[in-house]
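Undergrad: A structural model of the following input is requested.
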Amino acid sequence: MPKETFSNLDENKKNIIIDAAIKEFTENELHKARVSNIIKEAGIPRGSFYQYFEDIDDLYYFVIDLTFDEIFTEGYKHSEMTNDLFEYIRLTFDVDYNAYANQKRHRFMKNVFKSIGSNMEFIEHHHNRRKDYIITILNRMDLSDIRIGNEIDELVRLYEFLQHIKRSVIQGALMKNLTFEAARKELDWHLDILKHGLLKEE
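TA: Numbering: from 1, shown residues only. Model (predicted):
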């Protein structure tokens, strides 16, 4: 985590350094990223960098946490708009679609998951944060009609399953060059099948 000297900087200076770091981490995985590129982009001396962070890894994991803070905040915001889990997936489709369509954002996230693969401590940290986030979202939903029971691990699996479907729809839509409206219809088709089932009622 950043040192107190970084925390004491004004917000504009912090953002300049964070933006420079995101630029470097978008272009390179962690093992290829260089402090020299970040300080050049941010316009700060090398000595100042080490007054703010222990090393480039320290900055990297700080930036990742900030990124997921933003993602979680967006999810919480949408969970206040509905208590229907399927509608929540639908509402967050716009945000996720735009994130995938943004080439720089998509490249950054790909590099993140490649870079953290061998850091088991951070993977566990991220897994726990994400699970807490999912549970908070689920607690805001009316799940009384869900048939899989109320075991939290099963509900988390359901949430992950719905997110996986949403991601698959987005990836397929972008590969096929579908319009946003067509992609949303594709999601609605999948959600309708999940919500109402394949078999006709007797």
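Undergrad: Which stretches in the chain count as helices?
TA: Taking DSSP state H as the criterion, the chain carries its helices at 4-7, 11-27, 35-42, 46-52, 56-79, 85-91, 93-101, 103-115, 120-139, 152-175, 180-196.
Undergrad: Give the buried residues for the third one.
TA: Translated: helix 35-42. 35, 37, 38, 39, 41, 42 (16 or more other Cβ atoms under 10 Å). Using the backbone N, CA and C atoms, a C-beta is placed for each residue, glycine as well.
Undergrad: now the last one
TA: Applying a neighbour-count criterion of 16+ other Cβ under 10 Å, the buried positions in helix 180-196 are 183, 184, 186, 187, 191.
Undergrad: The fifth one now?
TA: Applying a neighbour-count criterion of 16+ other Cβ under 10 Å, the buried positions in helix 56-79 are 56, 58-64, 67, 71-72, 75, 78-79.
Undergrad: Show which residues not belonging to the one helix or strand in the chain whose mean pLDDT sits lowest make contact with it.
TA: Counting by mean pLDDT, DSSP states H and E, the chain has its least confident helix or strand at helix 103-115, which shows a mean of 88. Residues outside helix 103-115 that contact it (Cβ atoms under 8 Å, 6 or more residues apart in numbering): 22, 25-31, 60, 64, 67, 99-100.
Undergrad: could you redo the last one with a cut-off of 7 Å?
TA: 22, 25, 26, 29, 30, 64, 99, 100 (Cβ atoms under 7 Å, 6 or more residues apart in numbering).
Undergrad: what would the residues you listed look like in CSV with pLDDT?
TA: Listed next are the contacts of helix 103-115 as CSV, based on pLDDT from 0 to 100:
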residue, pLDDT
22, 96
25, 95
26, 95
29, 92
30, 92
64, 93
99, 89
100, 88
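Undergrad: Can you flag the buried ones in the residues you listed?
TA: 22, 25, 26, 29, 30, 64, 100.
Undergrad: Now the third one. Nearest residue, chain neighbours left out?
TA: Leaving aside its chain neighbours, residue 26 sits nearest to residue 108 (4.2 Å; criterion: Cβ to Cβ, 6 or more residues apart in numbering).
Undergrad: From residue 66, how far out is the one you found?
TA: Distance from residue 108 to residue 66, counting by Cβ to Cβ, to the nearest Å: 12 Å.
Undergrad: quick one, what contacts the closest residue to residue 140 other than its chain neighbours?
TA: Nearest-residue entry for residue 140: residue 79, 4.6 Å, with adjacent residues in sequence omitted and distances by Cβ to Cβ, 6+ apart. Going by Cβ under 7 Å, 6+ apart, residue 79 touches 88, 137, 140.
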